[in-house]
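J.: please find the sequence and the predicted model below.
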Amino acid sequence: MACKSNEALQAMVEEARNWTTKGKVADYIPALGLANPDDLSIAIHYPNGDCFSAGNIEKKFTLQSISKVISLAFVLMERGKEYVFERVGMEPTGDPFNSIAKLETMAVAKPLNPMINAGALMVTHMIEGDSVAERFNRLLAFIQGLSADSKVSFSKEVAQSEYETAHLNRSLCYFLKEHGLIEEEIEPLIDLYTKQCAIEMNCLDLARIGIVFAMDGVDPESGKQLMPSEVARICKTFMVTCGMYNASGEFAIKIGIPAKSGVSGGIMGAVPGKFGIGIFGPALDDIGNSIAGIKLLELLSKRYRLSMF
Ligand code: DON
């Protein structure tokens, strides 16, 4: 797909890039620590196929938590919403993404929402299949379809690096297993989850996925319904209420679009009925969101009045 470099976007990227020095790349997953903190790029994909960009949009990064919204769409399609929401809630937490606190203090140990790690691990647990490879390949095929890119794959290095260090995620899983919510062995689940988080693509692919959510599940090129509109609606709602973790309220006020971030520095935006956005900027703020990516979205939202509210 051809994506045109755009001057107005380029100017906004240069302005937002000033913020990268105030952030830090994630290094709790050691392989992510190798990213260049100065990187910042954006692609915007319109339903008619137009695409505008700025920065090095070919650079690949791993989805990390952005994958949580896609795995949620996948299990909602596979299992139905009653099954899914019996096992994971719909409420924001106000806690960091990897917090264990609410699991113990809530009456039922069920994770509060699918965007925090505990909830995302529950969702990955629900992906059907006889082996990790089968479950992963089915999710990957869905993601290849959404991005219209059959070459999308995962980074073995990042998956392995997270697998070796995912002690907190293992703790969340064991807690959920103790309470009967997770019913499988934990190591294969962590293997599947870390591969899911290590699915790798560039801003163009991410913007292309964003537009499917923005268009209520319809592929803008083929006109095919890639997910039911209700599934796209549920996912966009979670993106607004929990997509930027415990900064989601401020993000809704300042920017006002459904968006999902990941600790690699990616942000996927879905502006309802308008366009999909893919951003990569690996320097993160204290909460774990791309610091310059958020600034860039703020500039964009003000200039083009994107807020839904
Ligand atoms: O589970 C983890 O910690 C990572 N694989 C994903 C976390 C993440 O991206 C949080 N986002 N800001």
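T.: Nice, I can see it. Numbers count the residues shown, from 1 in each chain.
J.: where's Ser290 relative to the ligand, distance?
T.: Per CB to the nearest ligand atom, to the nearest Å, Ser290 is found 9 Å from the ligand. Glycine gets a C-beta too; all of them are placed from N, C-alpha and C.
J.: alpha carbons of the helix or strand of the chain with the lowest mean pLDDT, as PDB, please.
T.: Ranked by mean pLDDT, DSSP states H and E, the helix or strand of the chain with the weakest confidence is helix 101-105, at a mean of 81. Extracted in PDB, the C-alpha atoms of helix 101-105 (Å, rounded to 0.1, in the frame of the first residue of the first chain):
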ATOM      1  CA  ALA A 101      -4.000  -5.400  43.900                       C
ATOM      2  CA  LYS A 102      -7.700  -5.500  42.800                       C
ATOM      3  CA  LEU A 103      -7.700  -9.300  42.300                       C
ATOM      4  CA  GLU A 104      -7.400  -9.700  46.000                       C
ATOM      5  CA  THR A 105      -9.600  -6.900  47.200                       C
END
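J.: please identify the buried residues of that helix?
T.: Neighbour counts over helix 101-105 (16 or more other CB atoms under 10 Å) mark 102-103 as buried.
J.: again with stretch 272-292
T.: Judged by neighbour count (16+ other CB under 10 Å), stretch 272-292 contains these buried residues: 272, 274-285, 287-292.
J.: and what about the closest residue to Gly243 other than its chain neighbours, helix, strand or coil?
T.: Spatial nearest neighbour of Gly243, chain neighbours left out: Lys260 (4.3 Å); criterion: CB to CB, 6 or more residues apart in numbering. The local conformation at Lys260, judged by DSSP: H, G, I helix; E, B strand; the rest coil, is strand.
J.: any idea of the pLDDT on Lys260?
T.: The model reports Lys260 with a pLDDT of 98.
J.: wait, what's in contact with it?
T.: Lys260 makes contact with 65-66, 68-69, 115, 239, 243-244, 267-268 under the criterion CB atoms under 8 Å, 6 or more residues apart in numbering.
J.: quick one on the thing from earlier: list the helices and strands the least confident helix or strand of the chain packs on?
T.: On a contact count with 3 or more CB pairs under 8 Å, 6 or more residues apart in numbering; DSSP states H and E, helix 101-105 meets helix 167-178.
J.: name the element Ser150 belongs to?
T.: Taking DSSP states H and E as the definition, one finds Ser150 inside no helix or strand.
J.: just give the number of residues close to it.
T.: Neighbour count of Ser150, defined by other CB atoms under 10 Å: 10.
J.: was I right about it contacting Gln144?
T.: Yes: here Ser150 reaches Gln144: they are 5.0 Å apart, a contact under CB atoms under 8 Å.
J.: Ala141 in helix, strand or coil?
T.: Quick answer, by three-state DSSP: Ala141 is helix.
J.: neighbours around it, how many?
T.: When neighbours are defined as other CB under 10 Å, Ala141 has 13 of them.
J.: picking that back up, mind putting the contacts of Lys260 into JSON lines with pLDDT, distance to the ligand and neighbour count?
T.: As requested, the contacts of Lys260 are exported to JSON lines (pLDDT from 0 to 100; distance: CB to the nearest ligand atom, whole Å; neighbours: other CB atoms under 10 Å):
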{"residue": "Ser65", "pLDDT": "97", "distance to the ligand": "3", "neighbour count": "24"}
{"residue": "Ile66", "pLDDT": "98", "distance to the ligand": "7", "neighbour count": "27"}
{"residue": "Lys68", "pLDDT": "98", "distance to the ligand": "8", "neighbour count": "31"}
{"residue": "Val69", "pLDDT": "98", "distance to the ligand": "11", "neighbour count": "29"}
{"residue": "Met115", "pLDDT": "96", "distance to the ligand": "9", "neighbour count": "28"}
{"residue": "Met239", "pLDDT": "98", "distance to the ligand": "13", "neighbour count": "27"}
{"residue": "Gly243", "pLDDT": "95", "distance to the ligand": "10", "neighbour count": "30"}
{"residue": "Met244", "pLDDT": "95", "distance to the ligand": "8", "neighbour count": "28"}
{"residue": "Ile267", "pLDDT": "98", "distance to the ligand": "9", "neighbour count": "27"}
{"residue": "Met268", "pLDDT": "98", "distance to the ligand": "12", "neighbour count": "29"}
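J.: for these, which one is nearest Val13?
T.: Distances from Val13 to the contacts of Lys260, taken as CB to CB, are shortest for Ile267 (13.3 Å).
J.: what sits closest to the residue nearest the centre of the chain if chain neighbours are left out?
T.: Centroid check for the chain by CA atoms, centre = their mean gives Ile66 as the closest residue, at 0.9 Å. Distances taken as CB to CB, 6+ apart put Gly262 closest to Ile66, at 4.3 Å, once the chain neighbours are dropped.
J.: Pro258 now?
T.: Met239 (3.7 Å).
J.: tabulate the CA atom coordinates of the host helix or strand of the one you found in PDB.
T.: Assigned by DSSP H and E, Met239 falls within helix 229-242. C-alpha atoms of helix 229-242 as PDB (Å, rounded to 0.1, in the frame of the first residue of the first chain):
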ATOM      1  CA  SER A 229     -20.100  -4.500  14.400                       C
ATOM      2  CA  GLU A 230     -21.000  -5.300  18.000                       C
ATOM      3  CA  VAL A 231     -17.500  -6.700  18.600                       C
ATOM      4  CA  ALA A 232     -15.900  -3.600  17.100                       C
ATOM      5  CA  ARG A 233     -18.200  -1.400  19.300                       C
ATOM      6  CA  ILE A 234     -17.300  -3.300  22.500                       C
ATOM      7  CA  CYS A 235     -13.500  -3.100  21.700                       C
ATOM      8  CA  LYS A 236     -13.700   0.700  20.900                       C
ATOM      9  CA  THR A 237     -15.600   1.200  24.200                       C
ATOM     10  CA  PHE A 238     -12.800  -0.500  26.100                       C
ATOM     11  CA  MET A 239     -10.200   1.500  24.200                       C
ATOM     12  CA  VAL A 240     -11.900   4.700  25.500                       C
ATOM     13  CA  THR A 241     -12.400   3.600  29.100                       C
ATOM     14  CA  CYS A 242      -9.200   1.500  29.600                       C
END
